[in-house]
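1. Have a look; sequence and predicted model below, questions after that.
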Amino acid sequence: MDLNLENNIYKEILDNLTYEVFVTDSEGEIIYCNEAFSKNYCYNVSDIIGKQFSVIAPIIKKGSQIIPIVLEEKKEISLFQETVYGKKLFLTAKPVFNNENKLKMVVENAREVLNLSSKKECLLNTDTENLKYQIDKYGEQITNFSNIEEFKNLNKIAGFDVTVLLLGESGTGKSTCAKFIHNISKRKDGPFFTVNCTTIPENLIESELFGYVKGAFTGAVKEGKKGLVELANNGTLFLDEIGELPLSSQSKLLELIENRTYIPVGGSEKRTTNIRIIAATNKDIAKMVRKGKFREDLYYRINVIEFKIPPLRERKEAIPILAQVFVDRINKKYNLNKIISDSVLVQLKKYSWPGNLRQLEHVLEQILLSTEDDFITIKNLEKKIDYTKDGYLDKNIKFPTLKEHIENSERELIIAAYHKYGSSYKVAEALDISQSQAIRKIRKYISK
């Protein structure tokens, strides 16, 4: 095929995509954009090629410019953005490298988020945008923070090279917080090891932590074994569910924290290590101390800084943010392109989430994988959550009037149909209404 003809075909394909494609070189100069980009930012394609990406800055009403973030971080980034023309966009930009692993270009695509007002309110304010950026920057490690203040507090904690005690129910994200503290601390280039004190038998916990010397016990590895304390040298050791640590092992842990020394099982000489201890529990350690089930001196040593992670039911304002983060993650993992409706975000806040973040992510993953529709509505959610069980239904829920319920259902139907078909004619045909009715309803629910 003739090269020019082939290029023209590719251009025609890109220009007919419903989502935006935007490409810059390694210096941020715009080298390509399709017609969808032109519609989103109201620029003629010919007027913008060859200019710096910053030329579109005045068009951005809310959200960050994504290109400079990718140029700096050199990794895939996703965020939300709103233009002065009312376009609400979900952007993903990815760096492209040459054979010498040098940045060659940045390819960005964006799709419009159709009038999801709750998503706009939850995801396009300044604090949330910063939070979204930090999630991108640090992987998936701060999705359990409900606001930017919690994030700032953990930033401060990370700066002090002392022991930290994380408190919270199961599923609140304690291990995620621990990894985040490590990744922004001065030990970030060192190792990070986790010990779950509930999964290791009592007779093996010390050998796992401190290792053992040759011939320490029957069945031991012939040449001995390094423990996690040694392997984590110059890094961080995370002791998850420390409340389950046997009393017999607590004295050795106290010695480790106080003097940074330990003795391997079967050994006689002390060894030194340079590690930071982060501990976590879902139990009331202070109460355990009073009952003699946990050493008081160890409690004070691990509790130099205490950080409480509230359960999800106590930070319901964060649920829409967290839900969207999980949906984005699931979409990326399974190569999906699904959107959750406003009503789903509202309904998620009414559930008490006894399993916290872990349960929220699991439910959303189930819904996205089991639903064929790209637009997730209440009917999809109700199949996965039983709101009628005692303790799960918010007793203060105010039910909508019949008129409000009908309008909400109609709104979701119109948004879903328009998201799927993209034109008033096809929406009218699919819903068996006149095109004039379809146009009015699209304007009412989408084009506000």
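-> Thanks, I have it.
2. Verify the stated contact: residue 412 with residue 377.
-> Yes: counting by CB atoms under 8 Å, residue 412 does reach residue 377; the two are 5.0 Å apart. Backbone N, C-alpha and C define where each C-beta goes, glycine included.
3. Please identify every residue contacting each of these two.
-> Common contact partners of residue 412 and residue 377 (CB atoms under 8 Å, 6 or more residues apart in numbering): 341, 343.
4. So the chain: which segments form each domain?
-> Per the record, the chain has its domains at 3-113, 148-309, 313-445, by automatic domain parsing.
5. Is there a neighbour count for residue 180? I'd like the number.
-> By the measure other CB atoms under 10 Å, the count of residues near residue 180 is 25.
6. and what of residue 401?
-> Neighbour tally, residue 401, other CB under 10 Å: 9.
7. Test for you: state the pLDDT assigned to it.
-> Turning to residue 401, the model gives it a pLDDT of 71.
8. likewise residue 130?
-> pLDDT at residue 130 comes out at 41.
9. same deal with the one 5 residues further on?
-> For residue 135, the pLDDT comes out at 44.
10. Same question for residue 170.
-> 91.
11. Which element, helix or strand, includes residue 380?
-> Here residue 380, judged by DSSP states H and E, is contained in helix 378-382.
12. Going along the chain from that helix, find the next helix or strand for me.
-> Assignment by DSSP H and E places the next element after helix 378-382 at helix 402-421.
13. quick check, distance from that next one to the centre of its chain.
-> Computed by CA atoms, centre = their mean, to the nearest Å, the chain-centroid distance of helix 402-421 equals 29 Å.
14. What is it packed up against?
-> strand 375-376, helix 424-431, helix 435-445 (3 or more CB pairs under 8 Å, 6 or more residues apart in numbering; DSSP states H and E).
15. Make JSON lines out of these and add mean pLDDT.
-> Putting the helices and strands packed on helix 402-421 into JSON lines (pLDDT from 0 to 100) gives the following:
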{"stretch": "strand 375-376", "mean pLDDT": "82"}
{"stretch": "helix 424-431", "mean pLDDT": "87"}
{"stretch": "helix 435-445", "mean pLDDT": "83"}
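16. What does the pLDDT read for residue 118?
-> On the pLDDT scale, residue 118 gets 37.
17. Start at 847, not 1
-> Renumbered: residue one is now 847, and that last one reads residue 964.
18. just for the stretch 997-1146 of the chain, where's the confidence low?
-> Where the stretch 997-1146 of the chain drops to pLDDT under 70, the residues are 997-998, 1061-1068.
19. ok, which stretches of it are strands?
-> Along the stretch 997-1146 of the chain, counting by DSSP state E, counting those that start in this stretch, strands occupy 1010-1013, 1038-1042, 1082-1086, 1107-1108, 1117-1118, 1122-1127.
20. now swap in the stretch 847-996 of the chain and tell me
-> So, for the stretch 847-996 of the chain - with DSSP E, counting those that start in this stretch - the strands run 866-871, 876-879, 906-908, 923-929, 934-943, 949-958.
21. how about the second one: buried residues?
-> Residues of strand 876-879 classed as buried: 876, 878, 879 (neighbour count, 16 or more other CB atoms under 10 Å).
22. Now residue 1204: closest residue in space, sequence neighbours ignored.
-> Residue nearest to residue 1204 in three dimensions, not counting chain neighbours: residue 1017, with 3.7 Å by CB to CB, 6 or more residues apart in numbering.
23. Equivalent analysis for residue 1262, please.
-> residue 1221 (3.9 Å).
24. give me the number of residues near that neighbour?
-> Residue 1221 has 21 nearby residues by other CB under 10 Å.
25. In contact with it, which residues are there?
-> 1184, 1185, 1187, 1258, 1261, 1262, 1265, 1266.
26. Residue 1141 contacts residue 1093, correct?
-> Yes: at 7.0 Å, residue 1141 and residue 1093 qualify as touching, with contact defined as CB under 8 Å.
27. out of the two, which sits in the more crowded spot?
-> residue 1141 (18 against 12).
28. distance of that one from residue 1131?
-> 10 Å (CB to CB, to the nearest Å).
29. ok, now how distant is the closest residue to residue 1083 other than its chain neighbours from residue 1285?
-> In this structure, residue 1083 finds its nearest non-sequential neighbour in residue 1121, 5.0 Å apart by CB to CB, 6+ apart. Here residue 1121 is placed at a distance of 65 Å from residue 1285 (CB to CB).
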